[in-house]
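In: fold the stuff below for me.
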Amino acid sequence: MAMTIRDIAREAGVSTATVSRALRGLPNVDPATRERVRQVAERLDYVVSPAASRLASGRAGSIAVITPWIARWYFGRVLSGIESVLAGSDLDLLLSSIGDPSETHHVPPHRKLRRRVDGFLVISLSTDTEGVSEIFESDVPVALIDTEREGCWSVGIDDVNGARMAVQHLINLGHERIGLISGRVMPTPFRPEENRWRGYHDTLKEAGLPVEADLEACGHFTIDGGERAMTTLLARPNPPTAVFAMSDEMAFGALRSLHAHGLVPGRDLSVVGFDGHEMADHLDLTTIVQPVEEVGARAAQALLDALDDPTRTPEQVTLPLSMVVRGSTALRRST
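Out: Below is the predicted model of the structure:
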């Protein structure tokens, strides 16, 4: 039979209130009494209830993560990073997957979770997105991933610069008609996509190269979508000689389309992805590599730091990117 506080109080010769204060490390307990209670609890194999401790401390004992999706590669890796940090704490992880805010109608998660969590982590969503903007009215800390807001902790990468790196690489190889496979039509509630779109456009304009609607197609951040987008670009009267895909998974689909049309990536048309997906190496894809799991881990740690010391000034952390050049990009063939 499980021991209770009453059993410890009886053995130690103190009140149940004293036992509760002693085991939770609260003040106003004589050191000798605290040690006696601890020894009795240990001898009786008493385990302090986490739920009871949380209730007494005023903490909910959980963190909410608001994300568009869970199953997709990028969000899954970010969540893995978050979990790696929270696993070492006594906090539970609550997931709220709201889908594409531009296409779905959902109950704003803060209305369901604000009384059940000690803090929020928001992944990739603009802070003015319905169902997200309201959480900033809560009296709990918020850490943001891939976006920023004054007064909040944030961790991410420079998506504009990442897109610039990809497009400039293609320009350096002699390509002048450079296509884009984006996630969806602008404007978008996803800050990374918006910034990569801006980096693509700015780099082309600065190089004096054409920025045309016919050079862009939407791939919806899926492999199948990337394949359809590349097929659309290839069917244009004046198709691109190179393509920047906003994600590796869309780039994988683009490669599949090239193969289906009897074209060789790199030799016939260059493709650059974005993410650093583990399959990029196997498919010989040039890509912009971002530290996805580290982004999640650093954001989770920032939130824990904010909970430990609410007076700390929030920081905005930008992690570095790199480019891995593989066989999917090559010098433009002369015509």
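In: residues contacting residue 332?
Out: When the contact criterion is CB atoms under 8 Å, 6 or more residues apart in numbering, the partners of residue 332 are 173, 174, 175, 176, 241, 242, 270. (C-beta placed from N, C-alpha, C; glycine too.)
In: what does residue 268 give?
Out: Taking CB under 8 Å, 6+ apart as the definition of contact, the neighbours of residue 268 are 258, 333.
In: for it, grab phi and psi.
Out: The main-chain torsion angles of residue 268 are listed as degrees, to the nearest 10 and equal phi -100, psi -30.
In: tell me the spacing between it and residue 330.
Out: 9 Å (CB to CB, to the nearest Å).
In: ok, now residue 209?
Out: As judged by CB to CB, residue 209 and residue 330 stand 18 Å apart.
In: show me the helices in this protein, by range?
Out: For the chain, the helices defined by DSSP state H occupy 5-12, 16-23, 31-43, 50-57, 73-86, 109-113, 159-172, 191-206, 223-234, 248-260, 279-282, 292-308.
In: export the ones you listed as JSON lines, with columns for mean pLDDT.
Out: Putting the helices of the chain into JSON lines (pLDDT from 0 to 100) gives the following:
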{"stretch": "helix 5-12", "mean pLDDT": "87"}
{"stretch": "helix 16-23", "mean pLDDT": "78"}
{"stretch": "helix 31-43", "mean pLDDT": "88"}
{"stretch": "helix 50-57", "mean pLDDT": "52"}
{"stretch": "helix 73-86", "mean pLDDT": "94"}
{"stretch": "helix 109-113", "mean pLDDT": "56"}
{"stretch": "helix 159-172", "mean pLDDT": "98"}
{"stretch": "helix 191-206", "mean pLDDT": "95"}
{"stretch": "helix 223-234", "mean pLDDT": "98"}
{"stretch": "helix 248-260", "mean pLDDT": "98"}
{"stretch": "helix 279-282", "mean pLDDT": "98"}
{"stretch": "helix 292-308", "mean pLDDT": "94"}
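In: most packed of those helices?
Out: Among the helices of the chain, helix 248-260 has the highest mean neighbour count (mean count of other CB atoms under 10 Å), at a mean of 24.
In: for that helix, packing partners?
Out: The criterion is 3 or more CB pairs under 8 Å, 6 or more residues apart in numbering; DSSP states H and E, and the helices and strands that helix 248-260 contacts are strand 178-182, helix 223-234, strand 242-245, strand 270-275, helix 279-282.
In: quick one, domains of this protein?
Out: 5-57, 62-157+291-320, 159-290 (automatic domain parsing).
In: distance to residue 326 added to those domains, as TSV?
Out: As requested, the domains of the chain are arranged in TSV below (distance: least, CB to CB, whole Å):
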stretch	distance to residue 326
domain 5-57	48
domain 62-157+291-320	18
domain 159-290	5
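In: so what's residue 92 up against?
Out: 61, 62, 63.
In: got a winner among the residues you listed for most neighbours?
Out: Greatest neighbour count in these, by other CB atoms under 10 Å, goes to residue 63: 26 neighbours.
In: and that one, bridged to which residues?
Out: Beta-bridge partners of residue 63, counted by DSSP bridges, are residue 93, residue 119.
In: over to the one 4 residues further on?
Out: The residues paired with residue 67 through beta bridges, assigned by DSSP bridges, are residue 97.
In: from what I can see it touches residue 97, true?
Out: Yes. If you go by CB atoms under 8 Å, residue 67 and residue 97 touch, sitting 5.7 Å apart.
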